[in-house]
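Next comes the sequence, and after it the predicted model I'd like to discuss.
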Amino acid sequence: MDVRLKRAHEPAASADGYRVLIDRLWPRGVSRQRAKLNDWAKELAPSTELRQWFGHEPKRFEEFRRRYIEELRSERPRLSALRRRARDGTLTLVYSAHDTEHNDAVVLAEVLRRGLPKRRGR
């Protein structure tokens with residue numbers, strides 16, 4: 001399974017394969033033509049409330065990760081579709097966050113590669 005991450009401001013490349021924007025908001029300063037996306041999966045982005053609470057604060061990342069995974073549990077069909085894409089070829093998750101280690105794309109890529117973790121205490 002080939003799942004890659006790429007910032008929206010980086011140029012698209014043929015090696016990216018199937019490019020899907022996973023942000024709820026369109027990235028500032030990036031035209032649709034330059035983005036060269038195959039899809040825009042707004043539904044897989046964190047909720048507005050969670051995104052605003054997180055505020056890209058690295059110290060909140062583990063809690064953000066836990067809450068975001070809980071939100072993704074209701075998106076199993078969409079996750080399965082992206083997982084199939086990644087099995088058939090390269091899937092590049094495109095995101096606009098500046099922090100390349102603490103963002104929703106990192107969490108989503110992990111979920112696509114490993115599946116949704118089991119809920120604790122059940």
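Arrived safely, thanks for sending. Everything quoted here is computed from the prediction, not taken from an experiment.

which residues are contacting the helix or strand bottoming out on mean pLDDT in the chain?
Ranked by mean pLDDT, DSSP states H and E, the weakest helix or strand in the chain is helix 32-35, scoring a mean of 92. Contact with helix 32-35 is made by 8, 11, 12, 19, 21, 27, 94, as judged by Cβ atoms under 8 Å, 6 or more residues apart in numbering. For every residue, glycine as well, the C-beta is placed using N, CA and C.

repeat for stretch 102-110
3-5, 22-23, 44-46, 51, 56, 58, 61, 64-65, 68-69, 72, 93-95, 97, 100.

And the buried ones among those residues, selectable in PyMOL?
In PyMOL, this line selects whichever of these come out buried by 16 or more other Cβ atoms under 10 Å:
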select buried, resi 3+4+22+23+44+45+46+51+61+64+65+68+69+72+93+94+95+97
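
Mark which of the contacts of stretch 102-110 are part of strands, please.
3, 4, 5, 93, 94, 95 (DSSP state E).

coming back round to it: out of the contacts of helix 32-35, which comes closest to residue 40?
Closest approach between the contacts of helix 32-35 and residue 40, by Cβ to Cβ: residue 21, at 4.5 Å.

tally of neighbours for residue 104?
Each residue near residue 104 was counted by other Cβ atoms under 10 Å, and the total is 24.

ok, now how distant is it from residue 89?
23 Å (Cβ to Cβ, to the nearest Å).

Distance-wise, check residue 83 relative to residue 18.
12 Å.

Same check on residue 116?
21 Å.

Doesn't residue 19 belong to a strand?
Yes - assessed by DSSP: H, G, I helix; E, B strand; the rest coil, residue 19 belongs to a strand.
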